[in-house]
Structures are given as C-alpha cells and as structure tokens.
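In: task: produce atomic coordinates for the following.
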Amino acid sequence: MTPLQIPEFSIQTTLENAELALIPLKMEDFNELYSVASDPLIWEQHPNKDRWQLEVFKVFFEGAMQSKGAFKIVDKTTGKVAGSTRIYDYNPEQDKILIGYTFLGREFWGTGLNRSAKTLLLDYLFQYVSKVQFHIGAQNTRSQIAICKLGASKIGEVDVAYFGEPIKSNYVYEIEKCKWENHI
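Out: Got it, this is the predicted structure:
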C-alpha cells in the first residue's frame, strides 16, 4: 500500500468545490474586487468601517497582496467575484495558522457561500496544522455568529494592527483539527 501523499503546503493555492473557487489574488483583480468592496454596508461591523472608500481599500488591497495568502472568492454559479479572504500568520512551532480579512458582497450574504469558503479552507489547512484561528472584530457579531456555527470557540481578545490601518480590538476564535473532524 502506498502512503497517502499530501501536497506541499502553500498558503496561496487555488482551492475549489462545487459552489466556489478561491483563486490567489492578483494585482489585476483590484477593480473587480473593489466593485464588491465599495458598498459601505459590507464594512458596517468590521473593525475598519471605511474600507469601502477607494483610498482606504487601496491600502487594504496592498496588504492583501503583500500577505501572499489572499484569495478572491468566485461564485461558480454566477461566475461573479463574491469577495475575498486570507490565510496568514502560519506558525509551524505552534502548529497553527489564521484565516481572516474575509468580506462578501451583500448579494452573497445568507447563501452559504461564506460557510462553503471556510469549510474549503479548513479542510485544506487541517492537512498541515492542528489549530486554525480567526481574528474577528469585537463589534462584528455577524462574523462571530458565523464562525461559532462552524464549531469555533472564542479563546481570547487581542489588539490587531491591520496593514496600514489603526489598531483595533479583535476576538480570537479557534477550531482544533480534532473538533473540526467531529463537527463535520
């Protein structure tokens, strides 16, 4: 019997399922992604509520590009860019990584697309780490509820200095691999 071959770990590889594709973000994706992000209501509960503004979003996008772990989320049903998410802060010594900076256009709220994206990321990441954490803005109850539905637990609070933005209070949520395997 041949041992299971796990591909080399990358924080930016194309991932897809029946509902969506997570495609590594490129500079040429800016206009299409900003057309989604320019809706102020998307950012209403996020720590930095002004990301809908062009100059602020440019800084957010630059941080996404420099992270080398950012994705555009493409809805396979419509072919539209639905939003973005990011994998970051891989820590092999602590056997953990973070998912965050996620936003979706309002037309995709309540469609299951966020859950599908997180499931895709978690299934991929748990091949390599035993813990996945999420930074979620202290005022972002919508995202807090969504991540708890996936089986995450709040484990702490931290001030996060987002790329080029002021420090904001965030909650830290975590899902452990063993809990994820029992949850799904």
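In: from here on, contacts and neighbour counts on C-alpha atoms
Out: Will do.
In: so how far is L113 from E181?
Out: Separation of E181 from L113 (Cα to Cα, to the nearest Å) stands at 20 Å.
In: which other residues reach the least confident helix or strand in the chain by mean pLDDT?
Out: Across the helices and strands of the chain, mean confidence by mean pLDDT, DSSP states H and E is lowest for helix 177-183: a mean of 88. With contact meaning Cα atoms under 8 Å, 6 or more residues apart in numbering, helix 177-183 is reached by 126, 129-132, 150-151.
In: just the buried residues of these.
Out: Buried by 16 or more other Cα atoms under 10 Å: 126, 129-132, 150-151, out of the contacts of helix 177-183.
In: which of those residues lies closest to E28?
Out: E28 has its nearest neighbour among the buried ones among the contacts of helix 177-183 in V132, at 29.3 Å by Cα to Cα.
In: helix, strand, or coil at the closest one?
Out: Here V132 is strand, with the state taken from DSSP: H, G, I helix; E, B strand; the rest coil.
In: correct me if wrong: it contacts I97.
Out: Yes. Between V132 and I97 there is a contact at 5.1 Å, judged by Cα atoms under 8 Å.
In: quick revisit: any idea which of the buried ones among the contacts of helix 177-183 is closest to M27?
Out: Among those, and counting by Cα to Cα, the member closest to M27 is V132, at 27.1 Å.
In: what pLDDT is listed against that closest one?
Out: For V132, the model assigns a pLDDT of 97.
In: ok, it - contacts?
Out: Applying Cα under 8 Å, 6+ apart, we find V132 in contact with 96-99, 122, 125-126, 174-177.
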